[in-house]
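>>> sequence and predicted structure, then a few things I'm wondering about:
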Amino acid sequence: MKELRAIRDLDLSRNNFSGGIPQFFEGFGNLENLNLSFNQFWGAVPTGGIFKNASATSVIGNTRLCGGIAKFQLPVCKTKEGGLSYRMKLMISLVSGFTLLGLGMLLSFFLLRKKRKEIELSTLGNSVLQVSYAALLKATDGFSSANFIGVGAFGSVYKGILAENSTTVAVKVFNMLHRRASKSFISECEALRNIRHRNLVKILTACSSIDFNGNDFKAVVYEFMDNGSLEDWLHPSTGTEELTEAPKSLNLVQRVDIAIDVASAMDYLHNHCETPIVHCDLKPSNVLLDSDLTGHVSDFGLSRFLIEPTNNVSGNQSSSIGIRGSVGYAAPEYGMGSEVSTYGDVYSFGILLLEMFIGKRPTDHMFNDSLNLHNYVKTALPKRVSEISESLIFQEGTTNVAEAHRHSRLSVRAKKIEECLTLILGIGIACSVESPTNRKDISDVASQLQSIRRNLLG
């Protein structure tokens, strides 16, 4: 109602309104011009407020109006038995009420639409590069299958080349048919627009527009990563498309380096941003590798800002949040309704670390209700480390533990590798324990992995 009373000029002409003129127009203190002409209003014209000024009010074309001030030159209202009947007054009140309700709903719709647009524009305001739907369509050759990179929960990713500066980019196109796609788009833009770290994927710009069919279109444009995702390297495809390429394989040092990259990125998000950020979906497919195999954490579509420090992980948050993350990587407390916290990201990192050095997904068919990746590794430490990660330990020159220890030249190296792996897997276990508050702090994890790397290379 406050918004309505702030209106100065109101044109309601030729809208086929009928009934008595609503009395509330008299109370519009800021209204300077009112046009009610050529409708089907009937009955007495009010004499107060804006209706005192005939030059500011137009009621022409309403043939059944009467009364009002003399300058309107309307006929005198005819009354029966000293005034309007109760039934007539009731009808006038009802019509006036419905007219007001309709105007209020219409105004609220436009105000809400304007507010939503302002939010999106402010979100995208820091973008360095402005790009249109047409430009992205051209860059990706019409979002062709040849440029398709992968698909996520809220959209698909395509490789593209921007015509303006020939920059190779990755374009994440949101599936606007998904009910949470728009919210995910805003979350991703908000999370990435003010954060800068060498191990976070770099966002170049974003596009919020409509496509050539008039449908909503939203996309985020990233710096392209030449070596794809960590998922591609941990579990390379055996399809025919891989036969022409060299098999993807990461050695032990490369895996440690990538683990340090991811831990550094999470430490930055949790402990060094102005407002801590929880990623909520850390997994191999969301870790991208550049030409030097440096790891970059990506996909902030589920991320959350922690406005206040979160130490309470009990199930006291609205169930509308649902499970944050992907099956196998999401912290178990999320499934019980606990609030989002940095502890959840630490759990996901722990599972990611175990997968990197064991080579098994947490969703592997061998795992069931009584056995998961965490328990599988925990029961193997420390005596069976070489058994559960033998292919990684000995890919650099030997074939099994016994052979390694029979060769004095390799036995020392094999022992050092085994010790480092034991420490790394221990970190993974400590990060993925069931109790959130018993998990390691990610800053300590990053420091310990750096120490393990130095020992491994020393």
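On my side now, so go ahead.
>>> quick one, phi psi at the spatially most central residue of the chain?
Centroid-nearest residue in the chain, with Cα atoms, centre = their mean: Ser184, separated by 2.4 Å. Per-residue torsions, Ser184: phi -60, psi -40 (degrees, to the nearest 10).
>>> any idea which helix or strand comes after the helix or strand bottoming out on mean pLDDT in the chain?
Across the helices and strands of the chain, mean pLDDT, DSSP states H and E gives its lowest value to helix 2-5, namely a mean of 52. Per DSSP states H and E, the first helix or strand lying C-terminal to helix 2-5 is strand 9-11.
>>> pull out the buried positions in that next one.
For strand 9-11, the neighbour count (16 or more other Cβ atoms under 10 Å) marks Leu10 as buried. C-beta: built from backbone N, CA, C; applies to glycine.
>>> now find how far off-centre that strand is within its chain.
Between the centre of strand 9-11 and the centre of its chain there are 40 Å (Cα atoms, centre = their mean, to the nearest Å).
>>> which elements pack onto it?
strand 33-35 (3 or more Cβ pairs under 8 Å, 6 or more residues apart in numbering; DSSP states H and E).
>>> strand partners of the strand it packs on, parallel vs antiparallel please.
Applying DSSP bridges, strand 33-35 is found paired with strand 9-11 (parallel), strand 57-58 (parallel).
>>> ok, and what's touching it?
Arg8, Asp9, Leu10, Asp11, Leu12, Ser13, Phe25, Phe28, Ile50, Ala56, Thr57, Ser58 (Cβ atoms under 8 Å, 6 or more residues apart in numbering).
>>> any idea of the mean pLDDT in it?
Strand 33-35 carries an average pLDDT of 86.
>>> quick revisit: was I right about the residue nearest to the centre of the chain contacting Ser303?
No: using Cβ atoms under 8 Å, Ser184 makes no contact with Ser303, being 9.3 Å away.
>>> pretty sure Val262 sits in a helix.
Yes: Val262 forms part of a helix when assessed by DSSP: H, G, I helix; E, B strand; the rest coil.
>>> now for the residue nearest to it when sequence neighbours are not counted, how many residues are close by?
Residue nearest to Val262 in three dimensions, not counting chain neighbours: Gly295, with 5.3 Å by Cβ to Cβ, 6 or more residues apart in numbering. Using other Cβ atoms under 10 Å, Gly295 is surrounded by 27 other residues.
>>> what of Gly27?
The local packing of Gly27 (other Cβ under 10 Å) involves 11 other residues.
>>> can you pull out the helices in the stretch 251-400 of the chain?
252-271, 342-358, 373-380, 385-388, 390-393 (DSSP state H, counting those that start in this stretch).
>>> can you tell me which of those comes nearest to Val95?
helix 342-358 (56.0 Å; Cβ to Cβ).
>>> which strands or helices does that closest one pack on?
So helix 342-358, by 3+ Cβ pairs under 8 Å, 6+ apart, packs with helix 230-234, helix 252-271, strand 277-278, helix 373-380, helix 408-431, helix 442-457.
>>> tell me which of the ones you listed lies nearest to Cys66.
When these are compared by Cβ to Cβ, strand 277-278 sits nearest Cys66, at 66.3 Å.
>>> strands paired with that closest one, and their directions?
Sheet pairing of strand 277-278 (DSSP bridges) gives strand 304-305 (antiparallel).
>>> quick one: average pLDDT of the strand it pairs with?
Rounded mean pLDDT across strand 304-305 is 88.
>>> and it, how far out from the chain's middle?
With Cα atoms, centre = their mean, you get 10 Å for strand 304-305.
>>> contact partners of it?
So strand 304-305 is contacted by Ser187, Glu190, Ala191, Thr275, Pro276, Ile277, Val278, Cys280, Arg324, Val340 (Cβ under 8 Å, 6+ apart).
>>> would you list the buried entries among those?
Counted by 16+ other Cβ under 10 Å, these give Ser187, Glu190, Ala191, Pro276, Ile277, Val278, Cys280, Arg324, Val340 as buried.
>>> next one, pLDDT for the last one please.
With respect to pLDDT, Val340 scores 91.
>>> from memory it sits against Cys280, does it?
Yes: counting by Cβ under 8 Å, Val340 touches Cys280, with 6.3 Å between them.
>>> most packed of the helices and strands packed on helix 342-358?
strand 277-278 (a mean of 24; mean count of other Cβ atoms under 10 Å).
>>> quick one: residues in contact with that one.
Defining contact as Cβ under 8 Å, 6+ apart, one finds that strand 277-278 is touched by 191, 195, 269-270, 300, 303-306, 340-342, 344-345.
>>> repeat that with 6 Å
The contact list for strand 277-278, computed with Cβ atoms under 6 Å, 6 or more residues apart in numbering, reads Ala191, Leu269, Ser303, Arg304, Phe305, Val340, Thr342, Asp345.
>>> and what of stretch 372-379?
Leu354, Pro362, Leu425, Ile429, Ser432.
>>> who wins for neighbours among the contacts of strand 33-35?
Thr57 (24 neighbours).
>>> can you pull out the low-pLDDT segments for the stretch 351-458 of the chain?
Applying pLDDT under 70 to the stretch 351-458 of the chain flags the ranges 390-410.
>>> repeat that with 80
369, 390-413, 458 (pLDDT under 80).
>>> same thing with the stretch 101-250 of the chain?
For the stretch 101-250 of the chain, applying pLDDT under 80 flags the ranges 101-130, 152-153, 164, 190-194, 237-247.
>>> show me the strands in it, by range?
148-151, 155-161, 168-174, 203-210, 216-223 (DSSP state E, counting those that start in this stretch).
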